[in-house]
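Peer 1: Structure of the sequence below:
(2 chains)
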Amino acid sequence: MSTTVMHEEHRGAMWEVTTRVIVYAAIGAALYGVAAVFSFLIPGTANVSVRPAFALVTFFGFAFGPIVGLFTGFVGNAIADQISGWGLLTSWNWSLANGFAGLLAGVFGVSLARMFPNRIILAAIAAALAVVIGFLFVFTDIWLGTADDVSVAFSANYLPVITTNLIAAVILTPILVAAWDPIRRSMGR
Amino acid sequence: MNIAPRYLGRGSWLARRDPRVLLISLAFFVFTVIQVWDPRILVGLALIAALYYRSAGIPFRAVRIQWAYVLFFISFVVIMNTLITGGELRGTTEDQLHIFFRLPLINTPISAESVTYAVVQYMRFLSMAAVGLPIAYAIAPGDIGPAFARLGVPYKFAYGLELTFRFVPSLAADMQTTIDAQRLRGYEWEKRGRTPIGKVTRTIPLLTPVTINAIVGAEDTIDAMDLRGFGTQRRTWLRQLAFDPTDRVVVVGFGILLAAVTALSFSGLTQLWVPSQLIDLAG
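Peer 2: A predicted model of the protein is given here:
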């Protein structure tokens, strides 16, 4: 089978909803919801916190496909919000932004695979692009009234979230991929 | 580490409702509240939210940390909006403001409008949190999947949601076990790195084993589901859900509320309204 045919098959398979996809998505969302309690403020900022668990969203998207990434980000963030008391749907647009980041990590993981054959570098690049593009959705805060205008949405919402999530995703996603890939190969997945 | 939502509202009026009522009511209420900036309407909505929350019978002692988080987060939203926009809120310019005083150093005006805006933000978010919180504490854990499935979510994803809620307590326990195991090896979560990057890398000994263990352990669940034919055809749920007359009244009530507020919003009657007493105070 030629590389091109295999690549096209991989692209088609990434949108399939199998038992494996559902279970990995549920594991990812539950892990994100649980691990999100570990966050800390960046010194010298008003309320910019790093949430290392965010890397789980990009990792699950990259390793198991865009549907798993979307579910992990969207449901995981909603559960983390619910556990913290903020409410399942109070910041539904932020949950969707997390979901889009996970979805894009899966899409970029496949579409950029030829350009970056090294999986570790590919994971870092896919995670970074996914964060920068996926979180553009938080500008909907202007419509929802959480941010009063574009400058607030950019400086109080978008910029802090992509800074902190980039730190977490670019460092931790490749590490998780490096830990998972040998196990995946040994399991024959 | 026990972070799994508990069924605190068991037996309450709201917990006796069909779980879809709680999900639909929240969705209707969130889209109602986000359209409103008039504190006079928001008082009514806050009252409805308070009554709804009270009907869930959730003891305050058990959720006071959650409420503290909500207050902290709203305060952050309000402060950031006031500081970054320089008091020019919801399309108003500085010459339209009724200013009380200016903040030292940054010169941001504190006006009748910005004070009203802050109060409105508190009312909006507290109301949404009050209607949202019962979902975690007043829905029986086994009802999550059937509720989403009956709301039209494809059954595979509805089952995924059910699985997620089931995994939360066991993964929280795994996380605690890993923290304890790593502590025995000299790892101290509390001693974090100095820089943000250092702080993130300090989580590697925690996140990596918990994640990989969870994924490897998921194979058993996948095999069990495959052996039972999951995904081969549409499945039914053991738990049957049905609206009773009270459920219908609640859902229709929230629906009417959304329709009424949407109509008011299109008529321009939900804009920020500033009490004349506050304007008079500014002189």
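
Peer 1: Only C-alpha atoms from now on, for both contacts and neighbour counts.
Peer 2: OK.

Peer 1: Where does pLDDT dip in the stretch 1-150 of chain B?
Peer 2: Residues of the stretch 1-150 of chain B that meet the criterion pLDDT under 70 lie in B:1-5, B:82-92.

Peer 1: And the residue of it that's closest to chain A?
Peer 2: B:Gln66 (4.2 Å; Cα to the nearest Cα).

Peer 1: now that residue, nearest residue through space, not along the chain?
Peer 2: Nearest residue to B:Gln66, sequence neighbours excluded (Cα to Cα, 6 or more residues apart in numbering or on different chains): A:Gly85, at 4.2 Å.

Peer 1: Surely the one you found touches B:Pro134?
Peer 2: No: applying Cα atoms under 8 Å as the test, A:Gly85 and B:Pro134 come out as separate, 9.8 Å apart.

Peer 1: Between these two, which is the more surrounded one?
Peer 2: Between A:Gly85 and B:Pro134, B:Pro134 has the larger neighbour count (other Cα atoms under 10 Å in any protein chain shown), namely 29 against 24.

Peer 1: Can you give me the neighbour number for the residue of the stretch 151-283 of chain B found nearest chain A?
Peer 2: Nearest to chain A, among the residues of the stretch 151-283 of chain B, is B:Thr164, at 4.4 Å (Cα to the nearest Cα). When neighbours are defined as other Cα under 10 Å, B:Thr164 has 28 of them.

Peer 1: give me the element it is part of.
Peer 2: Taking DSSP states H and E as the definition, one finds B:Thr164 inside helix B:155-184.

Peer 1: in that helix, what's buried?
Peer 2: B:155-176, B:178-179 (16 or more other Cα atoms under 10 Å in any protein chain shown).

Peer 1: Just the strands from the stretch 101-250 of chain B, written as ranges.
Peer 2: B:109-111 (DSSP state E, counting those that start in this stretch).

Peer 1: So which bits of it are right by chain A?
Peer 2: Contacts of the stretch 101-250 of chain B with chain A, taken as Cα under 8 Å from any Cα of the partner chain, map to B:125, B:128-129, B:132-133, B:135-136, B:156-157, B:159-161, B:163-165, B:167-168, B:171-172, B:196-197, B:200-201, B:203-204, B:207-208, B:211-212, B:214-215, B:218, B:221-222, B:225-226, B:230-231.

Peer 1: now the helices for chain A?
Peer 2: Here chain A has its helices, by DSSP state H, at A:3-13, A:19-35, A:55-64, A:66-84, A:92-111, A:119-134, A:141-144, A:150-152, A:159-187.

Peer 1: picking up where we left off before, the residue of the stretch 151-283 of chain B closest to chain A is in contact with A:Ile22, isn't it?
Peer 2: No: assessed by Cα under 8 Å, B:Thr164 is found out of contact with A:Ile22, at 9.6 Å.

Peer 1: Identify the contacts common to these two.
Peer 2: Shared contacts of B:Thr164 and A:Ile22 (Cα atoms under 8 Å, 6 or more residues apart in numbering or on different chains): none.

Peer 1: Next up, the contacts around residue 165.
Peer 2: Since you didn't name a chain, this refers to chain A. A:Asn165 makes contact with A:Val50, A:Arg51, A:Pro52, A:Phe54, A:Ala55, A:Val131 under the criterion Cα under 8 Å, 6+ apart.

Peer 1: Chain B was what I was after
Peer 2: By Cα under 8 Å, 6+ apart, B:Phe165 lies in contact with A:Ala30, B:Pro141, B:Ile144.

Peer 1: One more pass at 7 Å, please.
Peer 2: The neighbours of B:Phe165, taking Cα atoms under 7 Å, 6 or more residues apart in numbering or on different chains as the test, are A:Ala30.

Peer 1: next one: the one 10 residues further on
Peer 2: Residues touching B:Met175, when contacts are defined by Cα under 7 Å, 6+ apart, comprise B:Val210.

Peer 1: So what's the residue count around B:Phe72?
Peer 2: For B:Phe72, using other Cα under 10 Å, the count is 11.

Peer 1: what's the helix or strand for it?
Peer 2: Here B:Phe72 is assigned to helix B:60-84, by DSSP H and E.

Peer 1: So which elements touch that helix?
Peer 2: Secondary-structure packing of helix B:60-84 (3 or more Cα pairs under 7 Å, 6 or more residues apart in numbering or on different chains; DSSP states H and E): helix B:112-137.

Peer 1: which of the residues in the helix it packs on are buried?
Peer 2: Those would be B:112-118, B:120-137, for helix B:112-137 by 16+ other Cα under 10 Å.

Peer 1: go on, stretch B:64-81?
Peer 2: Result for stretch B:64-81 [16+ other Cα under 10 Å]: buried residues B:Gln66, B:Trp67, B:Val70, B:Leu71, B:Phe73, B:Ile74, B:Val77, B:Val78, B:Met80, B:Asn81.

Peer 1: Return the set of buried residues in stretch B:25-35.
Peer 2: Across stretch B:25-35, burial judged by 16+ other Cα under 10 Å covers B:Ser25, B:Leu26, B:Ala27, B:Phe28, B:Phe29, B:Val30, B:Phe31, B:Thr32, B:Val33, B:Ile34, B:Gln35.

Peer 1: could you check the angle helix A:92-111 makes with whichever strand or helix holds B:Ser25?
Peer 2: Assigned by DSSP H and E, B:Ser25 belongs to helix B:19-33. Computed by axes from the mean of the first three to the mean of the last three Cα atoms, to 10 degrees, the angle separating helix B:19-33 from helix A:92-111 equals 100 degrees.

Peer 1: neighbouring contacts of helix B:19-33?
Peer 2: Residues outside helix B:19-33 that contact it (Cα under 7 Å, 6+ apart): A:90, B:124, B:128, B:131-132, B:135, B:139, B:143, B:147, B:247, B:251, B:254-255, B:258, B:261.

Peer 1: Could you single out the nearest of these to A:Ala147?
Peer 2: Closest to A:Ala147 out of those is B:Arg124 (13.4 Å), distances taken as Cα to Cα.

Peer 1: Next up, the contacts around the closest one.
Peer 2: If a contact means Cα under 7 Å, 6+ apart, then B:Arg124 has B:Val33 as its contacts.

Peer 1: Tell me which helix or strand in chain A has the weakest average pLDDT.
Peer 2: None of the helices or strands of chain A scores lower by mean pLDDT, DSSP states H and E than helix A:3-13, at a mean of 58.

Peer 1: burial measure for the closest residue in space to A:Phe62 that isn't next to it in sequence, as a count.
Peer 2: Beyond its immediate neighbours in the sequence, the residue positioned closest to A:Phe62 (Cα to Cα, 6+ apart) is A:Gly106, lying 4.3 Å away. For A:Gly106, the neighbour count with other Cα under 10 Å is 30.

Peer 1: Relative to A:Gln82, how far out is A:Gly106?
Peer 2: According to Cα to Cα, to the nearest Å, A:Gly106 and A:Gln82 sit 26 Å apart.

Peer 1: could you measure A:Pro160 against chain B, distance?
Peer 2: For A:Pro160, the distance to chain B equals 12 Å [Cα to the nearest Cα, to the nearest Å].

Peer 1: I should have written A:Pro117 there, sorry.
Peer 2: Using Cα to the nearest Cα, A:Pro117 is found at 23 Å from chain B.

Peer 1: Kindly list the main-chain dihedrals of that residue?
Peer 2: phi -70, psi -20 (degrees, to the nearest 10).

Peer 1: Count the neighbours of it for me.
Peer 2: By other Cα under 10 Å, the residues close to A:Pro117 number 10.
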